[in-house]
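Asks: Coordinates for the following, if possible.
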Amino acid sequence: MDQLPEDILIEIFLHLDNESMLNVMKTCSLFCNVFSTSSKLLLKFNLKVNPKNVNHLSALLDVPFKNITISDINTDDDLAQIHNFVKKFGNFVEIMNFKNIYIHKIELFLKVFGNFSNLKELIVEEGTVAASETGSIPLLPSLRSLTFKECCQNIFILFVQQSAVKKVKFYRNKISNTRYLFDNFLLMTAAMPNLNHAIINGFAASLFFNSENFTFKVQKFEATLLTGWWSVTEPRLNFLKSQQGVLKELTIHRLPYDDDGHDVLKFIIEEMKLDKFYLRKIPLILDGKKQEVKKLTVSEYEICSMFEMVRQYPIQYLRLMLTHTHIDEPAVCQVINPETDLFEDLQSLEVVDGSMQLYNFPRFLGLYKNCRNIKKLSISTNDDNINFVLRQCLPEMTQLIEVNLNVDVKKDLVMDMLEVVRKYVRNIEKFGIIGIFADDARKVFKENVQIIAI
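Replies: Numbers count the residues shown, from 1 in each chain. Model prediction:
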């Protein structure tokens with residue numbers, strides 16, 4: 001092995017996980033030296049330090065680690081012990097992650113950052129600061145990226161002096177204890193004049209957009225969703241309006257939820273003048289121009305903005321995911337029940353009912369009936385109302401040639417379902433059904449209908 005060129009060893013080591021790499025370093029001084037001189041390896045491999053293992057890492061003190069994770073800090077003694085170890089890496093560290101840390105005394109925490117002048121990226125996961133503690137970390141001149149995951153509201157105050165930061169990521173799924181969370185986040189970002197990229201992810205983080213005043217303007221922004229909580233009728237546009245003229249690229253993981261979803265989505269597409277707009281990885285706007293989007297997957301929470309998507313784009317394939325959570329039925333019915341030609345170009349409708357709630361599947365009957373020109377219908381449900389829905393919507397769907405029913409109900413309902421499909425889908429060419437009922441389907445349909453076990 002000592003005859004192999006260093007660049008080949010580096011490429012081999014890049015395929016190892018953290019634990020394997022550390023074991024290799026502990027067992028061979030040659031490999032340890034290769035690791036210590038490779039910036040690529042030092043950045044990729046993460047040294048994990050916690051109160052339980054720190055005393056076993058002394059053999060690695062001469063390695064100039066660039067990427068360190070400090071975790072499970074619950075006492076002042078834990079923090080002091082870790083500080084005595086990591087301070088020896090000084091200016092080498094470029095990426096640092098604090099995970100599951102409780103800060104009792106801020107002055108001890110501030111000491112950790114005393115020598116890290118080259119720190120470029122800092123991540124804090126599940127970080128908590130004692131309510132009585134105040135203070136902030138002195139300016140870290142090289143720090144460009146800050147990430148917070150499920151942190152308490154006081155964490156943000158620690159970073160109000162980080163004016164060099166250009167990118168901030170904020171993840172929050174927990175609904176509890178958010179009263180001052182966003183206020184402190186905005187207080188922190190107000191002191192970041194170079195900030196140009198922000199990411200606000202997590203479903204609880206959607207509450208952020210209910211604020212009235214925003215302290216930053218960015219060129220690039222990403223969010224799980226821009227609206228949350230049902231029964232909000234006034235369009236929540238404050239944040240979007242605050243970014244007009246500056247924001248160039250927007251990514252959302254969900255279409256806007258709730259009653260105002262269509263207004264929010266329409267504003268983004270028509271008023272924001274974006275260079276790029278993505279729904280997850282699907283480009284909706286590129287170079288300032290709307291793209292041709294033909295496939296769309298939505299949940300019932302996105303029902304209002306789904307209608308706006310169909311208005312804006314030539315959607316031909318629609319997949320509706322029904323989840324286990326109940327939403328406001330009157331609001332849904334008001335949106336989906338009126339007859340419309342909006343879906344006249346739709347070729348395929350798929351409904352995946354994972355709600356496990358009776359009547360959630362038939363609640364969207366008005367939508368199904370409006371998809372009258374589709375050629376392919378696919379339904380997955382265990383709702384006993386399947387035949388009621390089919391009797392209502394199949395006569396409207398005169399262009400159907402393929403039906404797939406992944407339906408887990410009693411056999412007598414399945415037999416009735418087969419007769420309903422045979423009666424109303426006159427031009428059917430392909431029919432899919434759960435495998436145990438495939439032979440029953442072959443007896444009901446003509447020989448020219450292809451039966452598929454699903």
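
Asks: wait, what's in contact with the closest residue to Leu195 other than its chain neighbours?
Replies: Excluding the flanking residues, the one nearest Leu195 by Cβ to Cβ, 6 or more residues apart in numbering is Phe216, at 5.3 Å. (Glycine included, C-beta is placed from N, CA and C.) The contact partners of Phe216, taken as Cβ atoms under 8 Å, 6 or more residues apart in numbering, are Leu186, Thr189, Ala190, Met192, Leu195, Ala198.

Asks: so where is the stretch 251-400 of the chain shaky, pLDDT-wise?
Replies: For the stretch 251-400 of the chain, applying pLDDT under 70 flags the ranges 324-329, 357-358.

Asks: On the three-state scheme, Lys266 is what?
Replies: helix (DSSP: H, G, I helix; E, B strand; the rest coil).

Asks: Isn't it up against Met309?
Replies: No: with contact defined as Cβ atoms under 8 Å, Lys266 does not reach Met309; the gap is 9.9 Å.

Asks: about what we covered before: Three-state assignment for the residue nearest to Leu195, please.
Replies: Taking three-state DSSP, the label given to Phe216 is coil.

Asks: coming back round to it: what about Lys266 and Met309, which has more around it?
Replies: Neighbours were counted for Lys266 and for Met309 using other Cβ atoms under 10 Å; Met309 has more, 22 against 17.

Asks: picking that back up, roughly how far does the residue nearest to Leu195 sit from Tyr368?
Replies: 43 Å (Cβ to Cβ, to the nearest Å).

Asks: With Arg236 instead?
Replies: Arg236 sits 29 Å away from Tyr368, going by Cβ to Cβ.

Asks: So for those two, which residue has more residues nearby?
Replies: Counted by other Cβ under 10 Å, Arg236 and Tyr368 do not tie: Tyr368 has more neighbours, with 25 against 22.

Asks: would that one count as being in a strand?
Replies: No: counting by three-state DSSP, Tyr368 is not part of a strand but helix.

Asks: Mind telling me what element the residue lying closest to it once chain neighbours are set aside is part of?
Replies: If the residues on either side of it in the chain are set aside, Tyr368 comes closest to Cys393, at 4.3 Å by Cβ to Cβ, 6+ apart. If you go by DSSP states H and E, Cys393 is part of helix 386-393.

Asks: does Glu125 count as helix, strand or coil?
Replies: Following three-state DSSP, we place Glu125 in the strand state.

Asks: Repeat that for Gln162.
Replies: Assignment for Gln162 (three-state DSSP): coil.

Asks: Next one, pLDDT for it please.
Replies: pLDDT recorded at Gln162 is 95.

Asks: which residues of the stretch 251-400 of the chain fall in helices?
Replies: 261-271, 303-312, 329-336, 365-370, 386-393 (DSSP state H, counting those that start in this stretch).

Asks: Indicate which one of the ones you listed is closest to Tyr278.
Replies: helix 261-271 (11.1 Å; Cβ to Cβ).

Asks: helices and strands around that closest one, which ones?
Replies: When contacts are defined as 3 or more Cβ pairs under 8 Å, 6 or more residues apart in numbering; DSSP states H and E, helix 261-271 packs onto helix 238-243, helix 303-312.

Asks: Quick one: mean pLDDT over the first one.
Replies: In this model, helix 238-243 has an average pLDDT of 94.

Asks: Give me the distance between it and the centre of its chain.
Replies: 21 Å (Cα atoms, centre = their mean, to the nearest Å).

Asks: Can you give me the buried ones in that helix?
Replies: For helix 238-243, a neighbour-count test (16 or more other Cβ atoms under 10 Å) marks Phe239, Leu240, Ser242, Gln243 as buried.

Asks: Can you give me the neighbour number for the nearest residue to Glu419 once chain neighbours are set aside?
Replies: Spatial nearest neighbour of Glu419, chain neighbours left out: Val444 (6.7 Å); criterion: Cβ to Cβ, 6+ apart. Counted with other Cβ under 10 Å, the neighbours of Val444 add up to 16.

Asks: residues in contact with Val444?
Replies: Residues in contact with Val444 (Cβ under 8 Å, 6+ apart) are Leu418, Glu419, Arg422.

Asks: which one among those residues gets closest to Gln316?
Replies: Nearest to Gln316 among those, with distances taken as Cβ to Cβ, is Arg422, at 26.7 Å.

Asks: wouldn't that closest one be in contact with Phe445 here?
Replies: Yes: if you go by Cβ under 8 Å, Arg422 and Phe445 touch, sitting 6.2 Å apart.

Asks: overlap in contacts of those two?
Replies: Ile428.

Asks: on that earlier part again, of all the helices of the stretch 251-400 of the chain, which lies closest to Ile282?
Replies: Of the helices of the stretch 251-400 of the chain, nearest to Ile282 by Cβ to Cβ is helix 303-312, at 10.5 Å.

Asks: circling back to that earlier point, and the helix holding Cys393, how far out from the chain's middle?
Replies: Relative to the centre of its chain, helix 386-393 is centred 35 Å away, using Cα atoms, centre = their mean.

Asks: before we move on, what about stretch 11-29?
Replies: 32 Å.
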